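A.B. asks: Next one to model:
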Amino acid sequence: MQKVSIEALARQQLERALAGGRNAADTVVGGHERILRQTVVGMTAGSEMSEHENPGEATIYVLKGSVRLIAGEQQWDGRTGDLLMIPDSRHSLLALDDSAILLTVAKRP
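C.D. replies: Residues are numbered from 1 along each chain as shown. Presented below is the predicted three-dimensional model:
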């Protein structure tokens, strides 16, 4: 059994992102070799995760700040406490404010 403070990781990753002027991330559960992966990501306002494929079922839980999920012509804004379901298509993520998210992915087998 392992216990992790997501709030502490969110603060840490956001601080790293602000210090480095870009995104910072730490995988909490799983990894590329596992089906389930959870990653805390800190993003500075205006930074982006460029467009990419969805490797499986995925969600974004906004821990702090606000973000915009973009898939083609559609977009969804999320702020602290919101859960965004990532569509099964190419998408990108833009930080509208300094933000921290919990990205959960269950890869396709």
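
A.B. asks: State the helix or strand in which L9 lies.
C.D. replies: helix 6-20 (DSSP states H and E).

A.B. asks: name the helices or strands packed onto that helix?
C.D. replies: strand 24-30, strand 36-43, strand 56-64, strand 99-107 (3 or more C-beta pairs under 8 Å, 6 or more residues apart in numbering; DSSP states H and E). (C-beta placed from N, C-alpha, C; glycine too.)

A.B. asks: model confidence over the first one, on average?
C.D. replies: Taken as a whole, strand 24-30 has a mean pLDDT of 91.

A.B. asks: Could you list the paired strands of that strand along with their orientation?
C.D. replies: strand 36-43 (antiparallel) (DSSP bridges).

A.B. asks: mind saving the C-alpha coords of the strand it pairs with as CSV?
C.D. replies: Extracted C-alpha coordinates of strand 36-43, given in CSV (Å, rounded to 0.1, in the frame of the first residue of the first chain):
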residue,chain,number,x,y,z
LEU,A,36,-3.7,2.4,-16.0
ARG,A,37,-1.6,5.5,-15.7
GLN,A,38,-2.3,8.6,-13.5
THR,A,39,0.0,11.7,-14.0
VAL,A,40,-0.1,15.0,-12.2
VAL,A,41,0.8,17.8,-14.6
GLY,A,42,1.6,21.4,-13.8
MET,A,43,1.1,23.9,-16.6
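
A.B. asks: This completes my enquiry, with thanks.
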